[in-house]
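Q: Sequence below, structure please.
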Amino acid sequence: MIVEEIMNRDVATLTEDHSISEAILLMKEKKIRHLPIINEKHHVIGIVTDRDIKDAAPSIFHFEENREDLNKPLKSIMKSDLITGHPLDFVEEIAALFYEHKISCLPILKDRELVGIVTETDLLHTFVELTGAHQPGSQIEVKVPNRAGMLCEIATVIRSRKANIQSVLVYPDQKDEQFKILVLRVQTMNPASMIEDLKRAGHEVMWPKLPGM
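A: Sure thing, here's the model as predicted:
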């Protein structure tokens, strides 16, 4: 999956000369938490988040004496050291950027112009859809040797029960690098027969741990 499939194309923006109060009103109106700051060429020169606004806005206990702070331009609080993406980037690559740099949004540029934005909420929704977690089903975790063909073996067992695999995740066994954990979401509400088949085939089922099994 690439970024242009999940990015928000209708991006609210302001310029560096707009005030903090204008940013507050726009964020409230659009129900957003991130504002790219652009110049006259529609190039992104900064980003302002709701956290930046909260840090810059006067405290409710000292609002009257400091209310002029709301008239300060956004260039006084925006972050200009930006990380950006491209519409053709893979979603997992930008997810790694979010993880590595601890960011909450990513402006998406094409030929230096802003064409979209991806937020951590967009990534969460995408993760849910890719894993099928929002659909009825069961999760099965199987510990397998770290060698080629193991996913095929597990899928063959599940296929024999005529069940549909909704998603597959693979992660290393934290205790033994010779093994991996396959996490399969299967379109069935009762995986007991599959678990029996997997164990009968010599596989170690980590989850679910059903009573008597």
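Q: what about L74, distance to T15?
A: L74 is 8 Å from T15, where distance means CB to CB, to the nearest Å. Quick note: C-beta positions are derived from backbone N, CA and C, even for glycine.
Q: Between these two, point out the one with more neighbours.
A: L74 (23 against 15; other CB atoms under 10 Å).
Q: any idea how far the more buried one lies from T49?
A: 11 Å.
Q: so what sits against both of the two?
A: Residues touching both L74 and T49 by CB atoms under 8 Å, 6 or more residues apart in numbering: L35.
Q: so what's in contact with L74 and T15 at the same time?
A: Here L74 and T15 have I37 as joint contacts, going by CB under 8 Å, 6+ apart.
Q: can you pull the pLDDT of A57?
A: Predicted confidence (pLDDT) for A57: 79.
Q: My read is that it contacts L70, right?
A: Yes: with contact defined as CB atoms under 8 Å, A57 and L70 form a contacting pair (6.6 Å).
Q: got any residues that touch both of these two?
A: Common neighbours of A57 and L70 (criterion: CB under 8 Å, 6+ apart): 20, 24.
Q: State the distance from C152 to K110.
A: Taking CB to CB as the measure, C152 falls 39 Å from K110.
Q: Specify the local secondary structure of the most centrally placed residue in the chain.
A: What sits nearest the mean C-alpha location of the chain, by CA atoms, centre = their mean, is L123, with 2.2 Å. On the three-state scheme (DSSP: H, G, I helix; E, B strand; the rest coil), L123 is labelled helix.
Q: in the chain, what spans have low per-residue confidence?
A: 58-67, 210-213 (pLDDT under 70).
Q: how about the helices of it, start to end?
A: 20-30, 50-56, 63-66, 91-101, 120-131, 150-160, 192-200 (DSSP state H).
Q: The ones you listed into CSV, with extra columns for distance to H42?
A: Below are these laid out as CSV (distance: least, CB to CB, whole Å):
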stretch, distance to H42
helix 20-30, 17
helix 50-56, 21
helix 63-66, 33
helix 91-101, 21
helix 120-131, 21
helix 150-160, 45
helix 192-200, 53
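Q: of all these, which lies closest to V3?
A: The closest of the helices of the chain to V3 is helix 91-101. By CB to CB, the value is 6.0 Å.
Q: Which of the residues in stretch 197-210 are classified as buried?
A: For stretch 197-210, a neighbour-count test (16 or more other CB atoms under 10 Å) marks 197-198, 203, 205 as buried.
Q: Among the residues you listed, which one sits closest to P36?
A: Closest approach between the buried residues of stretch 197-210 and P36, by CB to CB: V205, at 47.1 Å.
Q: Next one: K175 from Q139, what distance?
A: K175 sits 20 Å away from Q139, going by CB to CB.
Q: These two: which is more packed in?
A: Q139 (17 against 8).
Q: beta partners of that one?
A: With DSSP bridges as the criterion, Q139 is bridged to R185.
Q: Then V144?
A: Taking DSSP bridges, one obtains K180 as the residues bridged to V144.
Q: quick one, what contacts it?
A: Neighbouring residues of V144 by CB under 8 Å, 6+ apart: 150-151, 153-154, 179-182, 203-204.
Q: Any chance of CSV for these, columns distance to A23?
A: What follows is the contacts of V144, written out as CSV (distance: CB to CB, whole Å):
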residue, distance to A23
M150, 52
L151, 48
E153, 55
I154, 51
F179, 51
K180, 47
I181, 45
L182, 46
H203, 55
E204, 54
